[in-house]
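K.L.:
no sequence on this one, just coordinates:
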């Protein structure tokens, strides 16, 4: 009797498996791969292939599972995401059923792409308040970015343009903020028409004298510093771009954040900016920039009032 080695235990038994199943297993991992031929489609979603085969890009989304826990012939992919001429299509599986969800470009309120170390999320906020999201590994960021650019192009065709004149001498990320420097450089290479509108560097916020609650409770609260992560707002010809380090919400601890998110807001869904003042628990005041879209609001916190920087932002007529 021949004993199997330790490594053989994790190899799939080829008996009863088709060549397609073995090829799919051999190529499985954390990567998000394009589907370029019928045999590359996850078998569970075969019935939908003819409907999406003419898409500009089809991606198969792998399950969040270690390879050593899988076998050839299993369902290795949790969904299929495609972008075509009219919008996006998402195929997913729940139990023994598969379903198709189609979203037109005009229904997309914002495109969000977040990354924290190796964990990524691509999310589409939809008009009416709903959303559609998929997870991805950072190694697949380039193909995800290409997918995002295709969707952005489709959304741009569904709306009219934005007009904006940046203020001369407006400040951007300093050399010390390496993350934002690199992200902004990359974004400008992909988007030549990008204009920086407002930037908030990381900072600590404390209450000014005479503000906030009084007495011992107020004194204790004023000793607590709240920290803002870096964020910026940029304007493109057909959309707004929001870039946030961390979650964008104020924190009581100065911890280094590895998460950042880019939010693209198409001009067709943008309803306008609103700036208001808000007081934090320690009495410190911040200026909140709210960007209203179709069914969603996005907030950016600033130490200084950004109203003057946004005075020249002109909305498309379709948005009112």
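P.N.:
Sure thing, it's come through. The structure displayed is predicted, hence computed values, not measured ones.
K.L.:
so how far is residue 55 from residue 24?
P.N.:
To residue 55, residue 24 is 20 Å away according to Cβ to Cβ, to the nearest Å. C-beta: built from backbone N, CA, C; applies to glycine.
K.L.:
hang on, I meant residue 206
P.N.:
Residue 206 is 52 Å from residue 55, by Cβ to Cβ.
K.L.:
for residue 138, same thing?
P.N.:
Noted for residue 138: a distance of 24 Å to residue 55, by Cβ to Cβ.
K.L.:
likewise for residue 191?
P.N.:
24 Å.
K.L.:
ditto for residue 62
P.N.:
Residue 62 is 19 Å from residue 55, where distance means Cβ to Cβ.
K.L.:
out of those two, which sits in the busier spot?
P.N.:
For residue 62 and residue 55, the more surrounded residue by other Cβ atoms under 10 Å is residue 62, and the numbers stand at 22 against 18.
K.L.:
go ahead and confirm that one touches residue 31.
P.N.:
Yes: Residue 62 lies in contact with residue 31 (Cβ atoms under 8 Å); the separation is 6.9 Å.
K.L.:
tell me the contacts of residue 60?
P.N.:
Neighbour list for residue 60: 32, 33, 34, 35, 40, 41, 42, 77, 79, 80 [criterion: Cβ atoms under 8 Å, 6 or more residues apart in numbering].
K.L.:
and if you look at residue 198?
P.N.:
By Cβ under 8 Å, 6+ apart, the contact list for residue 198 reads 170, 232, 233, 289, 300, 302, 306, 309, 310.
K.L.:
try it again at 10 Å.
P.N.:
166-167, 170-172, 231-235, 273, 275, 287, 289, 300, 302, 304-310 (Cβ atoms under 10 Å, 6 or more residues apart in numbering).
K.L.:
which stretches of the stretch 101-250 of the chain have low pLDDT?
P.N.:
Residue ranges of the stretch 101-250 of the chain with pLDDT under 70: 158-160, 168-170, 207-224, 248-250.
K.L.:
now do the helices in it.
P.N.:
Along the stretch 101-250 of the chain, counting by DSSP state H, counting those that start in this stretch, helices occupy 141-157, 178-190, 215-223.
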